[in-house]
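Q: sequence plus the predicted model coming up.
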Amino acid sequence: WYGPLPCGKANSTNWWRTEVQRAPTKEGWLFVKEMKTGSSTVGGVVLRIARNIARQRSQKAMCNFRIDHSAARNMEYKHRIRRKSFLFTFIRDPAKRYVSEFFHFQVSREKLEPHDHTLQEFFLKKKYLHDYYLRDLVLVNKQNKTAVEFWRGLVGKYSPEDQNPKDVKAIRIRTANAILGDYDFVGITERFDESLVVMQLLLGLKTFDMLYLTAKGSGGYDDGAFQARCTYIV
């Protein structure tokens with residue numbers, strides 16, 4: 001990383017409000033929060049960084065940041081100012097991420113019995129789970145007619161398996177390469193601590209900037225967003 005760390009003043013003192021976190025911005029700490037990747041824990045790290053950098057600069061307001069589950073293209077990150085922003089995300093093995101989502105939302109919250117057939121039914125009904133990272137992390141919308149047809153297939157208009165396999169593979173590769181080129185950092189959930197250390201070294205941050213407490217882990221409770229009460233996570 002070259003140059004001063006990004007900061008900028010927070011757009012609002014009510015930074016925790018959903019409408020603030022989902023408002024597009026061009027600068028600051030831009031974390032694309034993927035479901036069930038340890039992203040709530042990373043969000044806590046972003047808060048520490050935003051607060052600490054602001055304090056170091058004697059800035060009363062926290063640095064600007066985003067830690068919402070919104071897709072990158074909806075946040076209009078393609079318009080970000082690269083020298084004034086740090087765009088990053090964390091990803092996880094898709095199978096592990098999917099199973100975690102099933103147990104958190106279906107078993108823990110909806111009290112669904114965890115069986116092989118219920119897991120399979122959940123997966124088959126949730127079309128958005130297919131190529132989740134590609135759709136959620138890409139900054140630019142569909143690039144050509146074949147891509148448009150492919151993406152429509154992913155959201156249920158018709159099956160992506162109906163598309164030419166070569167076209168689908170080419171789109172996936174092109175999209176993945178675009179994501180890697182657009183992002184400043186991509187962490188790995190399975191290497192969570194190591195990823196934070198690399199990020200720290202890359203940005204020249206202090207160890208206390210990266211300290212965290214695990215959020216929403218199995219055996220603990222979630223954030224109380226479901227039915228206004230905390231849910232025990234199986």
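A: Now that the structure is in, tell me what you want to look at.

Q: got a list of what the residue nearest the centre of the chain touches?
A: In the chain, the C-alpha closest to the average C-alpha coordinate belongs to residue 33, at a distance of 2.1 Å (C-alpha atoms, centre = their mean). Listed by C-beta atoms under 8 Å, 6 or more residues apart in numbering, the contact partners of residue 33 are 39-40, 42-43, 67-70, 89. To be clear about C-beta, it is placed using only N, CA and C from the backbone, and glycine gets the same treatment.

Q: gap between residue 85 and residue 76?
A: Distance check for residue 85 against residue 76: by C-beta to C-beta, to the nearest Å, it reads 12 Å.

Q: likewise residue 48?
A: When C-beta to C-beta is the yardstick, residue 48 and residue 76 sit 26 Å from each other.

Q: one more: residue 135?
A: Between residue 135 and residue 76 the distance, using C-beta to C-beta, works out to 16 Å.

Q: more neighbours: those two, which one.
A: Comparing residue 135 with residue 76 by other C-beta atoms under 10 Å, the one with more neighbours is residue 135, at 16 against 13.

Q: avg pLDDT for whatever helix or strand that one lives in?
A: Mapping residue 135 onto the secondary structure by DSSP states H and E places it in helix 132-137. Computed over helix 132-137, the mean pLDDT rounds to 88.

Q: again, but for stretch 77-91
A: For stretch 77-91, mean pLDDT is 96.

Q: and it, how far apart are its ends?
A: Using C-alpha to C-alpha, to the nearest Å, the gap from the first to the last residue of stretch 77-91 comes to 18 Å.

Q: list the buried ones in that stretch?
A: 77, 80, 84-91 (16 or more other C-beta atoms under 10 Å).

Q: among these, which pair sits farthest apart?
A: Using C-beta to C-beta, those reach their maximum pairwise distance at 84 and 91, which is 24.6 Å.

Q: what element comes up after the worst-scoring helix or strand of the chain on mean pLDDT heading to the C-terminus?
A: For the chain, counting by mean pLDDT, DSSP states H and E, helix 145-154 ranks last in confidence among helices and strands (a mean of 49). Elements were assigned by DSSP H and E; along the chain past helix 145-154, the next helix or strand is helix 165-182.

Q: great, nothing more from me.
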